[in-house]
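# okay, sequence plus prediction incoming.
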Amino acid sequence: HANMILVQTLVKDLFNMKKKIFFSGFLLMIMFCGCMSQNEITSSIAELETVEKSVNDTLFLQNPQVFCLETKDNALIKRINRVIEWKNTYYILDKSMKQVLAFNDKGKHLFTIHRVGVGKGEYGSILDIAIDRQNENLVFLADPTSLIYYDLQGNFIRTTKLPGHYHSIAIDNGIIYLENATLINNQLSTSSITVIAPNDQKTELLKPLREIAPYCFIGGHQLGGTAPVVFTRKFDDTIYQLEDGKISPYYSFNFMNESFPEAAKDKEYTCRELNKFTWDRYVYLMTNVTDAPQYLLFSTNLFGIYVFDKNQNKLLKYNKIYNTEYQADLHQYIPVEGANNRVFFTVSPTTLFSLKAIVDHHPSFKNKMSDKLYKLTESLDSDSNPVIFSYQVK
């Protein structure tokens with residue numbers, strides 16, 4: 001009888017143990033599946049697979065157009081910092097000249113806003129621009145820190161003062177997104193993004209990373225005015241999406257041999273030290289994101305253009321794009337914000353004139369310049385605005 005009781009007890013304990021093991025395994029399976037679903041929802045990781053010198057424009061670009069921005073006394077461009085396309089008009093920010101210029105889709109100049117001063121509707125400098133598509137306003141993020149509103153014909157509407165310090169602006173569905181300065185009076189900011197809702201309610205998003213390279217920036221934009229808005233930041237290999245006042249990871253990348261070493265993040269860098277350490281070696285910042293249906297393009301602090309194939313989850317890198325029609329190498333990539341997934345490659349007339357001079361003086365170099373590009377150069381002069389090679393990303 002005692003043996004029977006012992007056997008029954010052992011069987012019961014064994015059954016309970018199996019139940020616990022099964023239940024624990026079931027919980028782990030749920031947790032694992034939950035993590036997988038969360039990863040699939042928030043972001044995917046792609047590794048850098050190909051680094052090549054050149055690629056034909058036909059691989060991931062389509063609908064090529066070439067035009068020259070009209071050159072007039074009040075429409076001279078020194079540098080293109082931001083381009084927004086809206087209703088067949090290109091709004092171009094030239095920060096160095098403290099102006100915004102409007103051109104139609106053929107390159108004809110429409111108007112220029114250049115209102116430097118301290119009076120009504122004036123500014124010290126322009127930090128960035130955005131289009132409020134709901135209200136059809138052109139909005140300047142200006143210094144002293146403020147938002148200055150113009151209509152789409154360049155007429156002043158109003159000015160709104162801002163309390164913080166910001167680098168760039170994007171507007172989507174009436175919601176304003178402002179990229180915060182990382183450091184303010186040598187103190188780390190409390191967030192990366194300030195959101196201003198249509199009712200003027202403010203919220204803060206994304207706690208900043210530890211600042212290991214204060215005040216070091218490269219050209220390009222970390223806040224892109226697409227819909228949804230995209231955002232990147234230094235020493236972070238993730239592209240984020242901003243939508244309905246919220247932020248979420250979009251795509252993350254492993255730059256493989258170009259990845260900034262984790263061990264190197266233990267010190268603080270001056271800009272000179274950072275540039276010397278990363279020059280032609282390591283990625284520490286992604287900028288100028290163009291998000292199209294099949295491909296995503298962006299720049300980094302390294303030379304070249306990064307192309308992410310969404311369908312195949314492949315990240316590729318090319319030093320230059322080869323225009324097959326004009327047989328020309330294109331380098332200066334600029335995203336064009338708007339609904340058409342457009343990008344510009346700009347070419348300075350000075351560059352074309354230098355190439356033409358070589359061909360004219362050395363006939364043996366004639367094959368270095370196509371007849372079509374040569375003919376395009378003949379229509380320019382030394383004071384002409386940049387030549388635009390326009391594409392849509394597939």
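Thanks, I have the structure now.
# and the nearest residue in space to Leu209 that is not next to it in sequence, helix, strand or coil?
Excluding its sequence neighbours, the residue lying closest to Leu209 (CB to CB, 6 or more residues apart in numbering) is Phe235, at 5.9 Å. Quick note: C-beta positions are derived from backbone N, CA and C, even for glycine. With DSSP: H, G, I helix; E, B strand; the rest coil as the basis, Phe235 sits in coil.
# list phi and psi for Phe235.
phi 60, psi 30 (degrees, to the nearest 10).
# how close does it sit to Arg272?
To Arg272, Phe235 is 17 Å away according to CB to CB, to the nearest Å.
# more neighbours: which of the two?
Under the neighbour definition other CB atoms under 10 Å, Phe235 and Arg272 were set side by side, and Phe235 has more, 16 against 9.
# any idea how far the more buried one is from Met286?
According to CB to CB, Phe235 and Met286 sit 11 Å apart.
# coming back round to it: check contacts around the residue nearest to Leu209.
By CB atoms under 8 Å, 6 or more residues apart in numbering, Phe235 lies in contact with 209, 212-213, 260, 265, 284-285.
# again, but for Gln134
Applying CB under 8 Å, 6+ apart, we find Gln134 in contact with 173-174.
# quick check: it is in a strand.
No - secondary structure of Gln134 (three-state DSSP): coil, not part of a strand.
# surely Leu206 touches Pro249?
No - taking CB atoms under 8 Å as the definition, Leu206 is not a contact partner of Pro249, at 10.2 Å.
# so what sits against both of those two?
Common neighbours of Leu206 and Pro249 are listed as Tyr240 (criterion: CB under 8 Å, 6+ apart).
# can you pull out the strands in the stretch 51-200 of the chain?
61-68, 82-86, 89-94, 99-104, 109-113, 125-132, 137-143, 146-151, 156-161, 166-172, 175-180, 183-184, 187-188, 193-196 (DSSP state E, counting those that start in this stretch).
# adding distance to Thr290 and mean pLDDT, write those strands out as TSV.
Compiled in TSV, the strands of the stretch 51-200 of the chain are given as follows (distance: least, CB to CB, whole Å; pLDDT from 0 to 100):
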stretch	distance to Thr290	mean pLDDT
strand 61-68	10	96
strand 82-86	11	97
strand 89-94	15	98
strand 99-104	20	98
strand 109-113	24	98
strand 125-132	16	97
strand 137-143	21	97
strand 146-151	25	98
strand 156-161	29	96
strand 166-172	14	96
strand 175-180	18	97
strand 183-184	29	78
strand 187-188	30	86
strand 193-196	20	97
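# for these, which one sits closest to Lys276?
Smallest distance to Lys276 across the strands of the stretch 51-200 of the chain (CB to CB): 21.5 Å, for strand 183-184.
# what sits up against the closest one?
164-165, 189, 211, 214-215.
# from those residues, which single one is nearest Ile196?
Distance to Ile196 across the contacts of strand 183-184 (CB to CB) is lowest for Gly164, with 10.6 Å.
# pLDDT value on Asn367, please?
For Asn367, the pLDDT comes out at 83.
# before we move on, what about Lys18?
According to the prediction, Lys18 has pLDDT 44.
# try Val347
With respect to pLDDT, Val347 scores 94.
# likewise for Thr226?
Looking at Thr226, the pLDDT reads 86.
# and for it, the neighbour number?
19.
# enumerate every residue touching it.
Contacts for Thr226 (CB under 8 Å, 6+ apart) come out as 289-291, 337.
# ok so, going back, for Val229, state which of the contacts of Phe235 is nearest.
Closest to Val229 out of these is Leu285 (17.6 Å), distances taken as CB to CB.
# what about that closest one, neighbour count?
By the other CB under 10 Å criterion, the neighbourhood of Leu285 contains 22 residues.
# ok, now which ones touch it?
218, 222, 232-235, 300-301.
# let me know the closest of these to Arg115.
Gln222 (26.4 Å).
# quick check: closest non-adjacent residue to that closest one.
Leaving aside its sequence neighbours, Gln222 sits nearest to Thr232 (CB to CB, 6+ apart; 4.8 Å).
# is that neighbour in contact with Val289, as I believe?
Yes - under the criterion of CB under 8 Å, Thr232 makes contact with Val289 at 6.6 Å.
# common neighbours of those two, please.
239, 298.
# what about the two, which has more around it?
Between Thr232 and Val289, counted using other CB under 10 Å, the more crowded position is Val289 (26 against 23).
# got the angle for the host helix or strand of that one vs strand 82-86?
Assigned by DSSP states H and E, Val289 belongs to strand 286-291. Put simply, strand 286-291 runs at 20 degrees to strand 82-86, going by axes from the mean of the first three to the mean of the last three CA atoms, to 10 degrees.
# quick one: strand 286-291 to chain centroid distance?
Centre-to-centre, strand 286-291 and its host chain are 3 Å apart (CA atoms, centre = their mean, to the nearest Å).
# which other residues reach it?
218-222, 224, 226, 230, 232, 237, 239, 253, 296-300, 306, 333-336, 341, 343, 393.
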